[in-house]
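In: sequence unknown, structure follows:
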């Protein structure tokens with residue numbers, strides 16, 4: 001199987017149109033080609049994930065865990 005590499009490095013501000021074009025490349029490559037995204041910035045990967053295409057485009061989005069207010073997980077006491 002051949003692999004087509006798409007250099008996503010120049011994409012600074014991805015839009016829905018960007019995602020559409022990448023998805024079209026993926027669909028066009030179904031006849032024996034695999035699409036590989038290189039140098040994809042987190043903003044592009046997050047948008048792909050938001051559009052629900054992360055699994056289709058086979059990209060992995062690394063999410064950062066939210067910082068907790070209290071690192072030990074202790075709740076504050078208060079009156080109702």
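Out: Done, it's in. In this text the structure is predicted, and so the values were computed from the model without any measurement.

In: hey, which helix is longest across the chain?
Out: helix 16-28 (DSSP state H).

In: So which other helices or strands are in contact with that helix?
Out: strand 2-7, strand 33-38, helix 42-50 (3 or more C-beta pairs under 8 Å, 6 or more residues apart in numbering; DSSP states H and E). Placement of C-beta: from N, CA and C, glycine included.

In: hmm, who's touching the helix or strand bottoming out on mean pLDDT in the chain?
Out: The helix or strand of the chain with the lowest confidence, counting by mean pLDDT, DSSP states H and E, is strand 33-38 at a mean of 84. Strand 33-38 has contacts (C-beta atoms under 8 Å, 6 or more residues apart in numbering) with 1-9, 22, 25-26, 29, 44, 57, 59.

In: Low-confidence stretches in this structure?
Out: For the chain, residues meeting the criterion pLDDT under 70 lie at 30-31, 61-80.
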